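Trainee: take a look and give me a structure for this.
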Amino acid sequence: MEVEGEPANGETNGEILGPCLTSHVDDGSAESHRYYLSRRTVLEMLRDRGYSVPASEIDLSLQDFRFLHGPTPDIERLRFSATHCADPSDRMLVIYCGPGIVKVNVIRGLHSQIANKDTLTGLILITQNQVTNQALKTLELYPFKTEIFQITDLLVNITKHVLKPKHRVLTDKEKQKLLKKYNIEEKQLPRLSRKDAISRYYGLEKGQVVKVTYSGDITESHVTYRCIW
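Mentor: Below is the predicted model:
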């Protein structure tokens with residue numbers, strides 16, 4: 001729409017100002033955008049843990065995601081599993097929970113829906129609301145490891161943050177070599193909590209060691225090691 005007395009097409013006194021800011025506004029639903037971002041982060045997270053994740057899935061555009069899932073994605077269709085590249089018996093399942101509070105009946109219902117439980121080694125639940133204490137206790141009865149992430153925590157991949165140092169998980173062999181090199185025990189290494197965002201991203205367990213590389217334009221690059229506790 002043009003306003004009388006105002007030039008069209010972003011032109012003022014003969015000068016082209018470029019497209020209006022409204023042309024950059026996302027006209028899709030915020031809900032589908034949130035699902036898209038969290039799904040991409042989880043795919044990247046599993047890839048970084050060593051699971052087989054097709055690049056085409058990670059590189060899927062928002063437009064294509066909306067074409068496949070619509071403005072209000074069905075959380076059942078967002079469910080997927082991935083197998084570890086080095087160990088085909090290691091299979092991780094990812095499930096989205098609805099917008100309501102996650103109660104015991106929800107956890108029990110999910111357990112009954114999971115197929116091939118015997119071949120599952122891990123479960124990632126992506127929630128949109130709080131999980132009750134009773135539901136958390138019920139999760140402990142699952143025969144495989146369960147991890148819970150709030151969908152808002154997955155809108156951005158923290159490992160891609162420009163200020164975040166690079167983390168690499170050491171193998172058991174590399175860990176033992178490190179301890180032998182410096183003649184120390186793992187308890188003498190600086191610690192990193194399992195509740196830390198990086199620990200949760202990589203699914204780290206107590207006793208694992210990560211190599212942390214700091215680099216910047218102001219300070220010189222340096223390396224340190226942290227043990228998960």
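
Trainee: name the surrounding residues that touch stretch 144-153.
Mentor: By C-beta atoms under 8 Å, 6 or more residues apart in numbering, the surrounding residues in contact with stretch 144-153 are 34-35, 38, 42, 96, 117, 120-128, 131, 139, 197, 200, 203. Just so you know, the C-beta spots here come from the backbone N, C-alpha and C atoms, and that holds for glycine as well.

Trainee: same question for stretch 171-187.
Mentor: Looking at what lies outside stretch 171-187 - C-beta under 8 Å, 6+ apart - the contacts are 170, 207, 208, 209, 225, 227.

Trainee: now the two most distant members of those residues.
Mentor: In these, the most distant members under the criterion C-beta to C-beta are 207 and 225, with 12.9 Å between them.

Trainee: neighbour-wise, which of these two wins?
Mentor: Ranked by neighbour count (other C-beta atoms under 10 Å), residue 207 and residue 225 place residue 225 first, with 19 against 12.

Trainee: which SSE is the more buried one in?
Mentor: Taking DSSP states H and E as the criterion, the element that holds residue 225 is strand 222-228.

Trainee: helices and strands around that strand, which ones?
Mentor: Counting contacts by 3 or more C-beta pairs under 8 Å, 6 or more residues apart in numbering; DSSP states H and E, the secondary-structure elements packed against strand 222-228 are strand 191-192, strand 209-214.

Trainee: what's the most buried one of those strands?
Mentor: Here the criterion is mean neighbour count by mean count of other C-beta atoms under 10 Å, and of the helices and strands packed on strand 222-228 the winner is strand 209-214, at a mean of 17.

Trainee: quick one: name whatever helix or strand follows the top helix by length along the chain.
Mentor: In terms of residue count, the longest helix belonging to the chain (DSSP state H) is helix 30-48. In the C-terminal direction, the helix or strand that comes right after helix 30-48 (DSSP H and E) is helix 55-58.

Trainee: ok, how many other residues are close to residue 168?
Mentor: Burial of residue 168, expressed as a neighbour count using other C-beta under 10 Å, amounts to 13.

Trainee: quick one: what helix or strand has residue 82 in it?
Mentor: With the criterion set as DSSP H and E, the secondary-structure element containing residue 82 is strand 80-83.

Trainee: that strand - what's its average pLDDT?
Mentor: Here strand 80-83 scores 96 as its mean pLDDT.

Trainee: next, the distance between the ends of stretch 126-133.
Mentor: Using C-alpha to C-alpha, to the nearest Å, one end of stretch 126-133 lies 16 Å from the other.

Trainee: and the helices in the protein?
Mentor: Assignment of helices within the chain using DSSP H yields the ranges 30-48, 55-58, 62-69, 104-113, 133-139, 172-182, 197-202.

Trainee: any idea which of those helices scores lowest on pLDDT?
Mentor: For the helices of the chain, mean pLDDT drops lowest on helix 104-113, to a mean of 91.
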